[in-house]
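> From the sequence below, what's the structure:
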Amino acid sequence: MTSVNDGGHIIYLFEDSARYIDNAVSYIATAIEHGHHILLIEQPDTYQAISNMLEGMISPDQLHYLHYADNIDYYGCRGDFDFRHILAHFEEITASFRQEEVSIRTWANVMTWGDHDESKIRGNLMTYERHTSCVVRDFGMVSICAYNAVAISASLQTNLMREHEYVMTDQEFFKSPLYRYPTPEDVIFPSLSVQRQLLNEQKQLLIEKEAIELANQAKNEFIAMMNHEIRTPLNGVLAMAELMAATGLDSQQEDYITTIKKSGSSLLRIVNDILDYSKLESGFGQLLKEAFSVREAIAETLNLLMPSILSKNLQVYTIIDPEVPEILIGDDGRFRQVLLNLLGNAVKFTEEGSVSVLVKVLRADSAATRLQITVKDTGIGIPPEKRSQLFLPFYRVDNGITRKTEGTGLGLAICKRIVELMNGEIALGSGDAAVQGTVVLFTAEFAAYPEALHYY
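Numbers count the residues shown, from 1 in each chain. Have a look, this model is predicted:
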């Protein structure tokens with residue numbers, strides 16, 4: 001592995017797409033400069049990007065050394081990884097220049113798609129890799145099989161590492177002689193013993209990663225079960241309390257029922273927050289795509305809070321940029337959830353003065369609209385030393401024993417996760433130093449509503 005002239009089958013686990021293309025271009029250019037033909041097995045758009053970069057690195061007459069195969073055509077689209085089909089395809093593509101007894105190098109982006117489940121695809125793939133290693137040795141080739149480490153499971157990465165002596169990451173490839181063809185004194189590459197030590201460490205990390213994935217799966221299954229096991233009996237208690245409240249009760253019994261209802265509702269809110277946050281953190285919080293109105297969402301959210309607003313005699317101001325489209329495509333429910341949490345906090349912590357909502361368009365085109373929503377209040381404000389922790393889970397500004405407000409401290413953490421799913425950000429604004437209160441602003445991106453649908 002101290003020269004690109006050595007034969008070998010190398011697994012390349014990449015995470016950075018830009019680094020992947022750069023490594024591929026350097027590997028291909030270096031090989032062509034030394035007279036090797038290259039078979040590039042890649043997606044069409046990535047092939048085009050690599051080809052464009054190569055045009056500025058090698059002469060036009062050298063470009064015929066580069067041969068291309070679409071990786072879906074090459075490997076098949078079902079995840080079977082039929083080695084006989086792949087070998088026949090390889091021999092067909094390389095037949096013209098193999099007759100000239102030229103040296104061949106390959107670079108393949110192996111896609112793990114398919115109709116089968118992951119275990120079946122993994123089995124097919126490992127069988128294919130074993131056969132490929134034999135062919136590479138027979139042909140005396142250098143063969144790079146690249147896998148997107150983000151897209152494949154830790155168990156598949158572990159299996160690949162167990163099967164192959166040479167496994168590289170983005171940085172390891174960049175630092176290896178395969179990236180360029182240096183002079184002998186420039187070659188810095190770990191010895192085989194060091195490589196094996198690094199490989200064992202990588203294997204251990206992947207095994208630990210796989211264990212974490214299994215633990216997360218168990219946690220997700222537990223959350224799904226608790227979603228039913230906790231909420232169902234709790235809703236039953238609240239329903240029975242409602243029924244009992246409708247019977248003939250004396251004043252003391254009515255107080256008992258009121259306490260049950262209030263405590264049950266508070267507990268249900270806590271359970272809902274915990275389960276909702278866990279679901280979002282576990283990756284189960286997928287956003288819906290539905291037509292909705294930002295103006296309606298804000299108006300109806302304020303209506304829900306109107307009893308508290310009126311009881312405190314607060315002023316409410318709503319300013320919406322006229323450029324905000326009447327209808328957008330996004331998750332109406334999650335958007336309202338963020339609004340309700342932010343406006344609810346504003347009303348909760350404001351005893352007098354006003355609450356304001358401002359909406360403006362940051363960017364709009366035919367595909368999407370990016371909005372900035374700002375919620376202001378004239379309440380108690382947030383101490384400077386606590387501002388940086390506000391969006392952490394379970395954090396409360398008034399977290400003492402004598403706190404006056406209820407809550408789990410999860411509301412803003414949930415808002416942060418939802419906003420991130422909407423391709424946005426949430427933060428505290430600076431506000432006016434002369435005016436007491438809090439400013440929270442968040443951005444969110446929504447798809448444009450097709451004009452043609454307005455008439456249906």
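
> just checking, residue 436 is part of a helix?
No - under DSSP: H, G, I helix; E, B strand; the rest coil, residue 436 sits outside any helix and is assigned coil.

> What's the local residue count around it?
Here the count is done by other Cβ atoms under 10 Å, and residue 436 has 14 residues near it. Placement of C-beta: from N, CA and C, glycine included.

> Spell out, range by range, the helices that occur in the chain.
For the chain, helices defined by DSSP state H occupy the ranges 17-33, 44-55, 71-75, 83-98, 118-139, 154-163, 170-175, 192-229, 231-245, 251-281, 294-304, 306-311, 332-348, 411-421.

> Distance-wise, check residue 251 relative to residue 57.
From residue 251 across to residue 57, the span is 88 Å (Cβ to Cβ, to the nearest Å).

> Counting neighbours, go ahead and name the busier of these two.
Higher neighbour count among residue 251 and residue 57: residue 57, with 14 against 6, using other Cβ under 10 Å.

> could I get the helices of the chain as TSV with mean pLDDT and distance to residue 363?
Below are the helices of the chain laid out as TSV (pLDDT from 0 to 100; distance: least, Cβ to Cβ, whole Å):
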stretch	mean pLDDT	distance to residue 363
helix 17-33	86	24
helix 44-55	89	25
helix 71-75	76	35
helix 83-98	74	45
helix 118-139	70	38
helix 154-163	70	38
helix 170-175	70	32
helix 192-229	68	35
helix 231-245	84	40
helix 251-281	80	26
helix 294-304	93	15
helix 306-311	92	32
helix 332-348	91	18
helix 411-421	87	16
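
> Next, format these as a markdown table and append distance to residue 450.
As requested, the helices of the chain are arranged in a markdown table below (distance: least, Cβ to Cβ, whole Å):
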| stretch | distance to residue 450 |
| --- | --- |
| helix 17-33 | 30 |
| helix 44-55 | 26 |
| helix 71-75 | 30 |
| helix 83-98 | 41 |
| helix 118-139 | 36 |
| helix 154-163 | 40 |
| helix 170-175 | 40 |
| helix 192-229 | 35 |
| helix 231-245 | 38 |
| helix 251-281 | 29 |
| helix 294-304 | 17 |
| helix 306-311 | 34 |
| helix 332-348 | 17 |
| helix 411-421 | 22 |
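
> closest one to residue 321 among those helices?
Each of the helices of the chain has some distance to residue 321 by Cβ to Cβ; the shortest is helix 294-304, at 9.8 Å.

> rewinding a little: can you check which of the helices of the chain gets nearest to residue 323?
Evaluated over the helices of the chain, closeness to residue 323 peaks at helix 294-304, with 11.5 Å, by Cβ to Cβ.

> Put the alpha carbons of that closest one into PDB.
Output of helix 294-304 as PDB, limited to C-alpha atoms (Å, rounded to 0.1, in the frame of the first residue of the first chain):
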ATOM      1  CA  VAL A 294     -50.000  31.100   8.700                       C
ATOM      2  CA  ARG A 295     -52.600  33.800   9.400                       C
ATOM      3  CA  GLU A 296     -55.200  31.400  10.600                       C
ATOM      4  CA  ALA A 297     -52.700  29.400  12.700                       C
ATOM      5  CA  ILE A 298     -51.700  32.600  14.600                       C
ATOM      6  CA  ALA A 299     -55.300  33.900  15.000                       C
ATOM      7  CA  GLU A 300     -56.600  30.500  16.300                       C
ATOM      8  CA  THR A 301     -53.600  30.100  18.600                       C
ATOM      9  CA  LEU A 302     -54.300  33.500  20.100                       C
ATOM     10  CA  ASN A 303     -58.000  32.600  20.500                       C
ATOM     11  CA  LEU A 304     -56.900  29.600  22.700                       C
END
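
> Distance from the chain centre to it, please.
30 Å (Cα atoms, centre = their mean, to the nearest Å).

> what inclination does it have with respect to helix 332-348?
50 degrees (axes from the mean of the first three to the mean of the last three Cα atoms, to 10 degrees).

> For helix 294-304, could you pull out the residues that count as buried?
Neighbour counts over helix 294-304 (16 or more other Cβ atoms under 10 Å) mark 294, 297, 298, 301, 302 as buried.

> shouldn't the last one be in contact with residue 318?
Meaning residue 302. Yes - if you go by Cβ atoms under 8 Å, residue 302 and residue 318 touch, sitting 7.4 Å apart.

> what do the two both touch?
residue 357 (Cβ atoms under 8 Å, 6 or more residues apart in numbering).

> pLDDT (mean, whole number) over stretch 442-453?
Confidence for stretch 442-453, expressed as mean pLDDT, is 79.

> For it, which outside residues touch it?
Contacts of stretch 442-453 (Cβ under 8 Å, 6+ apart): 289, 291, 325, 327-330, 335, 338, 342, 362, 364-373, 415, 419, 422-427.

> Could you pull out the buried residues of that stretch?
Within stretch 442-453, the residues that count as buried by 16+ other Cβ under 10 Å are 442, 443, 444, 445, 446, 449.

> of these, closest to residue 15?
residue 445 (24.8 Å).

> any residues touching stretch 360-376, and which ones?
294, 321, 323-325, 328, 339, 342-343, 346, 354-359, 424, 429, 431, 437-448.

> can you do 7 Å?
321, 323-325, 328, 342-343, 346, 356-359, 429, 437, 439-448 (Cβ atoms under 7 Å, 6 or more residues apart in numbering).

> Kindly reformat the buried residues of stretch 442-453 as TSV containing distance to residue 215.
Shown next, in TSV, are these (distance: Cβ to Cβ, whole Å):
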residue	distance to residue 215
442	32
443	34
444	32
445	33
446	35
449	42
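
> So which of the residues you listed sit within strands?
Under the assignment DSSP state E, the buried residues of stretch 442-453 contribute 442, 443, 444, 445, 446 to strands.

> okay, now residue 216: neighbour count?
The number of residues packed near residue 216 is 13, by other Cβ under 10 Å.

> oh, I was asking about residue 261
A count of neighbours around residue 261, defined by other Cβ under 10 Å, yields 16.

> Not counting its neighbours along the chain, what's nearest it?
residue 241 (4.9 Å; Cβ to Cβ, 6 or more residues apart in numbering).

> Are any of the contacts of stretch 442-453 buried, and if so which?
325, 327-330, 335, 338, 342, 369-373, 415, 419, 422, 424, 426.
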